[in-house]
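Chemist: Just the structure for this:
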Amino acid sequence: MRPQITWLAVGSIGTLLVLSPVARGQEAKVSLEKAPKSVIEAVKVRFKDAALTGASSETEESKTVYEVTIKDKGQNIDVTLTPEGEILLIEREITRKDLPKAVAKALADKYPKAVYKIVEEIIKVEKKRETLAYYEVLLVTAGKQALEVQVSAEGKILNEEKKGSGQEEK
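Modeler: So this is what the prediction gives:
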């Protein structure tokens, strides 16, 4: 797959910059066969019965990480790892009804009549210890604005990011 190159004119003299997906921190698909063996093995050890469905890599601040997508017991899960196979983050898709009451109330209060597209619990992993970090919800407001919203387990909205026209999927 060829990387997409974006040309951007900057300033009055028309200077051109080339921004590759890696330079911008965007994901680049990687076949499961070409992903580092340590990454694949770590996912298989942590999620023994899961089916691996895809992989990607991303470089931010000169550090490369891999994200492996799996299906485990009916759930879609994204696992972020270092090239050495250390698990950093687990994004587990859940249903809206699985949200804690405080989270559901905060979202309903701030975004009444929103349509929920993706609901995930985000688990941070440090020294092999997994801790719930927050919930992340991709939703479309009644005004047709797509937003990705991060909410603490206590119901505090931590971050809100606009995601385009309301048609985007994560």
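Chemist: Residue 64 bridge partners, please.
Modeler: residue 59 (DSSP bridges).
Chemist: any idea which helix or strand of the protein has the worst average confidence?
Modeler: strand 15-19 (a mean of 34; mean pLDDT, DSSP states H and E).
Chemist: ok, residue 111 to residue 141 distance?
Modeler: 5 Å (C-beta to C-beta, to the nearest Å). For every residue, glycine as well, the C-beta is placed using N, CA and C.
Chemist: Then residue 60?
Modeler: Residue 60 is 29 Å from residue 141, where distance means C-beta to C-beta.
Chemist: Those two: who's more crowded?
Modeler: residue 141 (15 against 12; other C-beta atoms under 10 Å).
Chemist: for stretch 60-69, the distance to its chain's centre please.
Modeler: Its chain's C-alpha centre and that of stretch 60-69 lie 11 Å apart, by C-alpha atoms, centre = their mean, to the nearest Å.
Chemist: And that stretch, what's buried?
Modeler: 65, 66, 67, 68, 69 (16 or more other C-beta atoms under 10 Å).
Chemist: Could you find the closest non-adjacent residue to the second one?
Modeler: Ranked by C-beta to C-beta, 6 or more residues apart in numbering and with sequence neighbours excluded, the top spatial neighbour of residue 66 is residue 39, at 4.7 Å.
Chemist: Could you double-check that the one you found sits in contact with residue 85?
Modeler: Yes: Residue 39 is within contact range of residue 85, at 5.4 Å (criterion: C-beta atoms under 8 Å).
Chemist: Pick out whichever of those two has more residues nearby.
Modeler: Remark: of residue 39 and residue 85, residue 39 carries more neighbours, 26 against 17, as counted by other C-beta under 10 Å.
Chemist: The more buried one and residue 114, how far apart?
Modeler: On the measure of C-beta to C-beta, residue 39 and residue 114 end up 35 Å apart.
Chemist: If anything else comes up later, I'll come back, but that's it for now.
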